[in-house]
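Participant: No letters, just coordinates:
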């Protein structure tokens with residue numbers, strides 16, 4: 001049994017073929033009328049005609065500049081629309097003259113057809129295209145003219161925004177905005193009432209924090225005694241800790257991070273750390289703070305400083321040939337020695353060269369000014385930007401007498417009345433860098449010279465086997 005169709009069998013194909021023939025005839029006449037401009041309808045391999053939206057959108061996409069698109073829209077618009085001639089000049093186009101009601105309805109139907117075509121509903125799109133062209137035969141021209149107008153307006157808006165942004169990009173205004181953003185008081189419900197100054201990265205993270213921060217227990221059934229302590233008292237506790245403990249506390253939760261950013265905590269650390277010789281006499285602490293917009297935590301992290309809560313150690317190796325009774329056997333000895341540098345806040349530095357008989361675990365507890373062993377030197381140090389200058393390194397192994405006051409005397413103040421006196425002093429220049437984890441934890445030797453005190457002659461010391469100094473934290477060492 002055959003199913004019957006609700007539509008006449010020959011009605012839809014004949015009507016579709018007539019629509020295609022009319023559309024082709026119109027396109028041929030339009031192509032003949034426009035010698036240099038216009039849209040050309042293409043056919044695919046199946047012999048079907050591309051939709052008017054596809055052919056016209058290709059012409060708009062291939063247009064080299066916006067004025068060309070505008071000129072095409074103006075040139076192709078002086079035709080009869082909805083039975084009446086409407087001359088769309090450049091002035092009426094840019095002023096967006098309201099369309100007639102019938103043309104506006106046809107344009108809405110055409111837009112629906114374009115939307116259906118983009119969604120893949122080709123049957124519905126074809127019916128809507130046919131309905132739109134029945135309402136107005138030139139609706140496609142109006143549609144592409146409106147699209148061109150929208151694209152031009154969008155391009156002008158983008159250019160206007162770019163010009164406004166470039167005009168607002170003033171160094172003075174940018175610096176002022178940064179200062180206002182950095183020095184503003186960040187209030188938080190239940191958080192510290194002090195000033196919380198952060199870098200831009202931390203500020204963006206903190207912006208997503210809720211206002212009602214609290215300490216949450218890992219087990220909901222257990223109480224949180226830390227929640228009972230006022231935030232101001234927590235700040236007092238944190239001021240008694242070192243920086244490592246403060247950052248570990250800040251990594252517990254979001255409220256701990258907010259409390260650890262209190263400026264009172266980092267202000268004391270910066271004030272106690274960045275003093276002579278950490279900064280030069282010409283560069284005081286105020287100029288350093290202004291450079292970082294008074295972000296004390298950022299100053300402590302990013303500004304160069306020699307660390308004093310540990311020791312810088314360089315592990316050096318070299319191969320020494322040995323002796324063998326068998327000519328077929330070659331013996332080589334791997335010799336390991338260590339160089340140690342310990343810095344003090346008063347400008348004093350301790351330098352020790354020890355062989356492999358003394359391990360770092362044995363040397364570090366003994367590395368003090370009272371140490372007396374071979375290879376031990378005491379000098380002075382200063383920091384300029386990222387360059388560490390160590391001068392007046394005198395032999396303090398106990399073989400020669402040393403100055404008795406706290407700061408070592410310059411070479412000109414030493415007297416050589418007896419033969420048992422220091423004849424040489426050493427000068428070392430190093431560069432301070434941060435690698436790869438940690439801050440200011442590596443020192444590279446740039447120069448190492450010996451100075452003869454009697455004549456002032458300077459001779460470089462060979463650095464064939466030397467390696468960089470790496471920082472090792474020591475719990476028993478004081479920060480300042």
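Facilitator: Nice, thanks for sending it over. Quick caveat: nothing in here was measured; it's all calculated off a predicted structure.
Participant: So residue 472, which state does it fall into?
Facilitator: Look at residue 472: counting by DSSP: H, G, I helix; E, B strand; the rest coil, its state is strand.
Participant: What number of residues are in the vicinity of it?
Facilitator: 14 (other C-beta atoms under 10 Å). Any C-beta I mention is one placed from the backbone N, CA and C, and that applies to glycine too.
Participant: State the phi and psi torsions of the nearest residue in space to residue 301 that is not next to it in sequence.
Facilitator: Counting by C-beta to C-beta, 6 or more residues apart in numbering, residue 301 lies nearest to residue 439, which is 6.0 Å off, once chain neighbours are set aside. Dihedral pair for residue 439: phi -120, psi 130, per degrees, to the nearest 10.
Participant: isn't residue 439 right next to residue 298, touching?
Facilitator: No - Residue 439 is not in contact with residue 298 according to C-beta atoms under 8 Å; the separation is 11.5 Å.
Participant: Those two: which has the busier surroundings?
Facilitator: A count of neighbours by other C-beta under 10 Å puts residue 298 above the other of residue 439 and residue 298, at 21 against 16.
Participant: Give me the three-state assignment for the more buried one.
Facilitator: helix.
Participant: Residue 324 now?
Facilitator: coil.
Participant: and it, how many neighbours does it have?
Facilitator: Using other C-beta under 10 Å: residue 324 sits among 11 other residues.
Participant: What separation is there between it and residue 317?
Facilitator: Look at residue 324 and residue 317: by C-beta to C-beta, to the nearest Å, they are 21 Å apart.
Participant: Got the phi and psi for the closest residue to residue 342 other than its chain neighbours?
Facilitator: The shortest distance from residue 342 to any non-neighbouring residue, by C-beta to C-beta, 6+ apart, is to residue 350 (4.4 Å). The phi and psi torsions at residue 350 (degrees, to the nearest 10) take the values phi -110, psi 130.
Participant: Residue 350 and residue 116, how far apart?
Facilitator: 83 Å.
Participant: Repeat that for residue 108.
Facilitator: Distance from residue 108 to residue 116, by C-beta to C-beta: 13 Å.
Participant: With neighbour numbers in mind, choose between the two.
Facilitator: More neighbours surround residue 116 than the other of residue 108 and residue 116, with 18 against 13 (other C-beta under 10 Å).
Participant: if I've got this straight, that one is in a helix?
Facilitator: Yes - judged by three-state DSSP, residue 116 forms part of a helix.
Participant: Was I right to think it contacts residue 124?
Facilitator: Yes - using C-beta under 8 Å, residue 116 makes contact with residue 124 at a distance of 4.7 Å.
Participant: and residue 440, how far is that from residue 380?
Facilitator: 19 Å.
Participant: oh sorry, the question was meant for residue 433
Facilitator: Applying C-beta to C-beta to residue 433 and residue 380 gives a distance of 22 Å.
Participant: These two - which one has more neighbours?
Facilitator: Higher neighbour count among residue 433 and residue 380: residue 380, with 20 against 14, using other C-beta under 10 Å.
Participant: tell me the SS of the more buried one?
Facilitator: Assignment for residue 380 (three-state DSSP): strand.
Participant: next one: residue 220
Facilitator: coil.
Participant: Around it, count how many other residues there are.
Facilitator: 6.
Participant: low-scoring stretches of the stretch 351-480 of the chain, by residue?
Facilitator: In the predicted model, the stretch 351-480 of the chain carries pLDDT under 70 at residues 402-420, 480.
Participant: Strands of that one, start to end?
Facilitator: Counting by DSSP state E, counting those that start in this stretch, the stretch 351-480 of the chain has strands at residues 376-384, 387-395, 424-433, 442-452, 458-460, 469-473.
Participant: May I see the buried residues of the third one?
Facilitator: Going by neighbour count (16 or more other C-beta atoms under 10 Å), the buried part of strand 424-433 is 425, 426, 427, 428, 430, 432.
Participant: Please list all residues in contact with the third one.
Facilitator: For residue 427, the contacting residues are 389, 390, 391, 392, 393, 447, 448, 449, 450, 451, 458, by C-beta atoms under 8 Å, 6 or more residues apart in numbering.
Participant: Show me how to select, in PyMOL, the buried members of those.
Facilitator: In PyMOL, this line selects whichever of the contacts of residue 427 come out buried by 16+ other C-beta under 10 Å:
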select buried, resi 389+390+391+392+393+448+451
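Participant: Kindly indicate which of the contacts of residue 427 lies nearest residue 366.
Facilitator: residue 393 (18.6 Å; C-beta to C-beta).
Participant: Please verify my assumption that the closest one contacts residue 428.
Facilitator: Yes - proximity of residue 393 to residue 428 meets the contact threshold set by C-beta under 8 Å, at 6.8 Å.
Participant: okay, and the common contacts of these two?
Facilitator: residue 351.
Participant: Tell me where the model's unsure across this structure.
Facilitator: 1-13, 34-98, 152-153, 155-204, 206, 402-420, 480.
Participant: ok, the residue lying closest to residue 353 once chain neighbours are set aside to residue 337 distance?
Facilitator: Spatial nearest neighbour of residue 353, excluding adjacent residues (C-beta to C-beta, 6+ apart): residue 375 at 3.6 Å. Note on residue 375: its distance to residue 337, by C-beta to C-beta, is 9 Å.
Participant: overlap in contacts of those two?
Facilitator: Taking C-beta under 8 Å, 6+ apart as the criterion, residue 375 and residue 337 both touch 353, 354.
Participant: Buried ones in stretch 356-374, by neighbour count?
Facilitator: Going by 16+ other C-beta under 10 Å, stretch 356-374 has these buried residues: 358, 363, 364, 367.
Participant: okay, how far is it across it, tip to tip?
Facilitator: Chord length of stretch 356-374, first to last residue, is 13 Å (C-alpha to C-alpha, to the nearest Å).
Participant: From residue 323, how far out is the nearest residue to residue 319 once chain neighbours are set aside?
Facilitator: Once flanking residues are discounted, residue 319 sits nearest to residue 332: 5.2 Å by C-beta to C-beta, 6+ apart. For residue 332, the distance to residue 323 equals 11 Å [C-beta to C-beta].
Participant: These two: who's more crowded?
Facilitator: Legend: neighbour count by other C-beta under 10 Å for residue 332 and residue 323, higher for residue 332 (10 against 5).
Participant: check contacts around the more buried one.
Facilitator: With C-beta under 8 Å, 6+ apart, residue 332 has these contacts: 319, 320, 321, 322.
Participant: What is the nearest of the residues you listed to residue 30?
Facilitator: residue 319 (88.4 Å).
Participant: Now stretch 434-442: buried residues?
Facilitator: 439, 440, 441, 442.
Participant: I misspoke; the intended subject was stretch 110-117.
Facilitator: Those would be 110, 111, 112, 113, 114, 116, 117, for stretch 110-117 by 16+ other C-beta under 10 Å.
Participant: now these in a markdown table, with distance to residue 236?
Facilitator: Below are those laid out as a markdown table (distance: C-beta to C-beta, whole Å):
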| residue | distance to residue 236 |
| --- | --- |
| 110 | 73 |
| 111 | 68 |
| 112 | 69 |
| 113 | 73 |
| 114 | 69 |
| 116 | 70 |
| 117 | 70 |
